[in-house]
Each structure stands twice: as C-alpha cells, then as structure tokens.
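# can't give you the sequence, but here's the structure:
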C-alpha cells in the first residue's frame, strides 16, 4: 500500500485569525499555490483509492483543490487526521481501508512529519506546507515502511 501524505497549503496566520482555529482557511496565495501543485500531482498519476482529510478548513480546502485537479477523486473528512494525528490514528485509518492500494492523507504538523518519521525508522522528517511524501507499506497491518519520496512544495510548483 502506498500512503501519500500531503500537508495543507499556506493558511491564515493563527495569530491574526480572529475565528476558531478549526475554521482557519487557506490564504488566497495558499489556494493559488495548491492549485498549481495539484496540476503537478495530477501528472504523477497516483491512482488513489481515496483522499482522506482532516476536517479543519485549511486541510479540507487543500484536499478539495487536489481532488478537483485529479477529476473524479473523492474526499472524505476523517477526525483522526486532525491536530492529534499520530501512528495510532494512521493504524486505525489503514484498518478501515485495508483493501486500498493508494491513499492520500491531508493534514497538519507536527503529526504528519512525526508519523512519516515513525513509519520509516524514527527518521526526522520536515514536511513543509504543501509538501508531499509517499511511504510504501508491505500491507495495511505493517507500521514499518519505505520512504519513496519527499517532495517539497517548490518542486511541485516548478
């Protein structure tokens, strides 16, 4: 199984955002950059079974932009991808999608980098906003895998 980890795009500054953090959206620049990245992601031909996203606004927006570019990909919000995402949340998600060959998970830091690092042998990973990583697991029951790619957003934008 391949798991693609996508960190949400650039969002409104938390110190300046007046509303609930749950509702903090992507910035106009963040939406524009994610649309450009989504075109590059489409060219990767990931053959996704599903796109699962944190329910927080900035992650949902990111997932919807990518799904629109992939034409036909479905987006489903999953609470386990919220701010407390970790290896146990991933394990539960994978149990629910055991038949999938490729999933994209859209979420937040520090959970995304920490989970990727844990999967590949306690490595220190820094998944930038809009960055995309791929880890291949031998099967959904194995929480040890191989890092196939770690693509910074600037590469997806070029």
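Structure received. Computed from a predicted model, the values in this text were never measured in an experiment.
# biggest helix in the chain by residues?
helix 28-43 (DSSP state H).
# Give me every residue in contact with the following helix or strand past it, excluding its own residues.
Downstream of helix 28-43, the next assigned helix or strand under DSSP states H and E is strand 50-53. By C-beta atoms under 8 Å, 6 or more residues apart in numbering, the residues outside strand 50-53 that reach it are 59-60, 62-63, 66-67, 70, 73-78, 81, 93, 97, 100, 103-107. C-beta here means a position set from N, CA and C on the backbone, and glycine is covered the same way.
# Give me the sheet partners of strand 50-53 and which way each runs.
strand 75-77 (parallel), strand 102-107 (parallel) (DSSP bridges).
# Could you pull up the mean pLDDT of the last one?
Across strand 102-107, the average pLDDT comes to 98.
# ok, and what's touching the helix or strand just after it?
Next along the chain after strand 102-107, taking DSSP H and E as the criterion, comes helix 111-119. Contacts to helix 111-119, defined as C-beta under 8 Å, 6+ apart, come from residues 5, 7, 81, 83-87, 89-90, 105, 123-127, 133, 135, 137, 143-145, 147, 150.
# Do me a favour and get the end-to-end distance for stretch 37-57?
Start and end residues of stretch 37-57 are separated by 18 Å (C-alpha to C-alpha, to the nearest Å).
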